[in-house]
Structures are given as structure tokens and as C-alpha cells.
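Participant: sequence below, structure please.
(one chain, ligands or ions: 2)
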Amino acid sequence: MTLEQLTDAERLAHLSLEQLHQLVGLVEYDASHDPFPVTGWDSVVWAVGNATQTTHFFISAFGMDLVAYSGPETGNRDRKSYVLESGAVRFVVEGGVHPDSDVIKHHARHGDGIVDIALEVPDVDRCVAHAASQAATVLEEPHDVTDEHGTIRRAAIATYGETRHTLIDRSRYHGPYLPGYVERRSSYVRPAGAPKRLFQALDHVVGNVELGRMDDWVDFYRRVMGFANMAEFIGDDIATDYSALMSKVVASGNHRVKFPLNEPAIAKKRSQIDEYLEFYQGPGAQHLALATNDILTAVDHLRAAGVEFLVTPDSYYEDPELRARIGNVRVPIEELQKRGILVDRDEDGYLLQIFTKPIGDRPTVFFELIERHGSLGFGKGNFKALFEAIEREQERRGNL
Ligand code: TYF
Ligand code: FE
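Facilitator: Residues are numbered from 1 along each chain as shown. Ligands and ions are numbered 1, 2, ... in the order given. This next block holds a predicted model:
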């Protein structure tokens, strides 16, 4: 497999490799030695308390498009399942209909959350054989599923907490999502002047794991899925000073799929990761970073739609050291300050980023928006400002 290979979602979104490279950063790599080749993200599956209304939120606030559906009307009595897209990003939002549904059990325990980070792979059997040889838990053996649009091959392996990675080969499939789903659109009319989409690709998905388990999960992704460590990490030194977490990043060979992994650290204050683990009732996905080519417009529309972001104090923008380090970015700093957008620069370039508050009822999952200009990092220079903002919110919730 080479970099020429796009995922199905990327192809449908008419993204080129060049655009993807700009949006999320890709690398050349030798796939012939990869024991677990990954083409890219397939979908992020959510289990929520009310899929019908969460879907409306992702459409009206996040500018996503409804494309497919499965539910009682299509013969699925267990759940309603809505498929949403924005560029190459695909969300599947599931809510239980039958009282015995697993979706309801998952939701009762975890609240709104991510159940599956599904990846598109060219060879499901090869991946699962390798995963099994590394003692991974295979939740679903490789099998075909067929309907009038063709055949997909799928399997699933377990990762942290109750989260799973479904592995999908959709090269022989031409339907709207998976067999059993029908095409569906929303009647929602976007506000005048709204851009076609607010974000185009998924950049990274962060997992929160228990104290002392970060290295085990880094090792899991290395052994089981052939992922490699990226340079960025938050270690003891940063942790005890202000972040109260440790973090390392693993990525697939082509860097299409990036997984930062956080664990709580013992610090002066209660770790934000402990707060997550308590309210999510265990490890799970903490944030999704959505790559956008215009973070200013995206933030303006999200805010106008009522999405709340962490507040960045003016002192961040007035700090002469930060100003000097950041240099010139594509807009005047004042435009970023107005919106609370953070900037970080490294040897490769810079990035703009901002974080929402948790989107559900529990202080668990949230979003990041990221606009990359060469930087392949995760905003290490912003950790101090970011973690102080998170702590202010923790304090308001009474969890610090
Ligand atoms: O994904 C990352 O590593 C950055 C930084 O609770 C970060 O977005 C890490 C932990 C966290 C919030 C942001
Ligand atoms: Fe992030």
C-alpha cells in the first residue's frame, strides 16, 4: 500500500492527497513491512441517549450532512443509526430503540460517547491474523456482509475500555454506508452564507486510559497494529507543573491515523483525566480533532450555533515570549484573540487550534478544531494555557 491510496470517504469528498497532506500531515513509508496496513479512518461511531437529536446537533451546529440511516423503518428494531459526513469525516450516531438494546446499556454506563473508532484497511484478514498473533481480543472475526450494493468485509478488535476498532474493507461496496443502511437526507436548511462544510478531515482521536497504563496502550498499538511512536509527548516534568496528565502519540505507518494516549498524573490538582475516568466509568475516547482549512469561519459558525469553547485569556496573546515564538501567521493575532484560537509553532511550521467544552451532559468527550500549516505536532506549546482553561472549567463543575 502506498500514499496513493485514499479511503472511500476521502475519495467521495473529492479530497486530493495534497489537500490531505495540508490538512492532517502525511508521511511516505514502506508498507511492505507493515504487519497491519491501514488506509485511514473509516468512521467514528457514537452511542448517545437520543440519536435523533444528536444528529440534528451535528447537522445544524457542526454543518455535517446526513447521508444514511438504519432503524425500525428499515428492519432494525434495536436502534436508530444515523450516518453523517463532513468532507472525509464520517460519524455514525446510534441510539437504542428496544429497551434491551446494547446501545442503551452503553449509554447508561458511559453517557454519550464513542464506541468504535473504525478504520479502513485493504486486508481485514491479514490485520486480524496479526492482531490475534499478538493476543489482541478479536470481538468479531473477519466476515462478509452483502446487500444489493455489494459486499464489505469486516472484523473488530478491542482497545481501551469498551472501545473497539472495527476494520473494514469497502473496496467491493458502493452503497451509502454499510449493508442494511438506506440513503437519507435532512430537510435542514443551512443559514445563508454558511460554508459548504466547517471541517474536512479527522486529524486525531485521543484516548484516556487509567493511571500507569499509558505505556501499555502505546505498546498495544505498536505490537498489535504496527503503529509507531510520534515525537510529541507530555512527560513527568510537564505533568507535575501544570497538566496533571502524561501523554504519548502513536500513528499508523502513513500517519493518516493518529492516537494520542493520556493517563492521569499525580499533580497539585486533580487530573482532568481522573475526572473523565470517573464520569465515563473507565477508559474511553476523550477528544476528536477535526481538521479544517478555515478555523476562523468554523469557530464563528459553531459559536453562532451555540457551541461553547474553552476561554483563552487575553494574557495569552499579550505574552511577548509567545508573540516572538509564533511570529507571523496567516491572520493578525487580534483575529485569533477575538475567537480564543491558540497558536503553536515548531520546526516544521505552525498550527491553529481551539477546544470545545464537553459536548454532552458529562464532563467527558469534547472536540478540537485544528488548522495545520506544516506543523505535525499537537500544540505542545499551548499545553499550559490549555490545561489552565480546562482546570477553570473543572473548578466550575466542582471537580477540582
Ligand atoms: O491531542 C493532543 O495531544 C492535544 C493536547 O486533555 C491535549 O490536543 C492533550 C490532552 C488534553 C487536551 C488536549
Ligand atoms: Fe488534540
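Participant: report how many residues lie close to the closest residue to R213 other than its chain neighbours.
Facilitator: By the measure of Cβ to Cβ, 6 or more residues apart in numbering, the closest residue to R213 outside its immediate chain neighbours is E263, 5.9 Å from it. From N, CA and C alone the C-beta is placed, and that goes for glycine too. As a burial measure, E263 scores 25 neighbours (other Cβ atoms under 10 Å).
Participant: elements contacting the one helix or strand E263 maps to?
Facilitator: Here E263, judged by DSSP states H and E, is contained in strand 258-264. In terms of contacts (3 or more Cβ pairs under 8 Å, 6 or more residues apart in numbering; DSSP states H and E), strand 258-264 is packed against strand 201-208, helix 214-225, strand 245-251, helix 272-280.
Participant: and the helix or strand bottoming out on mean pLDDT in the chain, what's buried?
Facilitator: Of all helical and strand segments in the chain, the minimum by mean pLDDT, DSSP states H and E falls on helix 236-238, at a mean of 75. Across helix 236-238, burial judged by 16 or more other Cβ atoms under 10 Å covers I238.
Participant: quick check: the residue of the stretch 1-150 of the chain nearest ligand 1.
Facilitator: Going by Cβ to the nearest ligand atom, ligand 1 is nearest to V24 of the stretch 1-150 of the chain, at 12.7 Å.
Participant: please name the residues that touch L386.
Facilitator: By Cβ atoms under 8 Å, 6 or more residues apart in numbering, the residues touching L386 are 310, 342, 355, 379.
Participant: before we move on, what about G180?
Facilitator: 70, 74-76, 145, 147.
Participant: ok, E388 next?
Facilitator: Y242.
Participant: tell me the phi and psi of it?
Facilitator: With angles defined as degrees, to the nearest 10, E388 sits at phi -70, psi -40.
Participant: same check on T74?
Facilitator: The phi/psi pair for T74 (degrees, to the nearest 10) is phi -110, psi 10.
Participant: who touches the residue of the stretch 1-150 of the chain found nearest ligand 2 in this structure?
Facilitator: With Cβ to the ion, the shortest gap between the stretch 1-150 of the chain and ligand 2 falls at V24, namely 11.9 Å. Residues in contact with V24, defined by Cβ under 8 Å, 6+ apart, are 201-203, 255-256, 258, 291, 372.
Participant: quick check, pLDDT for the residue of the stretch 151-300 of the chain found nearest ligand 2.
Facilitator: Taking Cβ to the ion, ligand 2 has its nearest neighbour within the stretch 151-300 of the chain at A289, 4.4 Å off. The model reports A289 with a pLDDT of 98.
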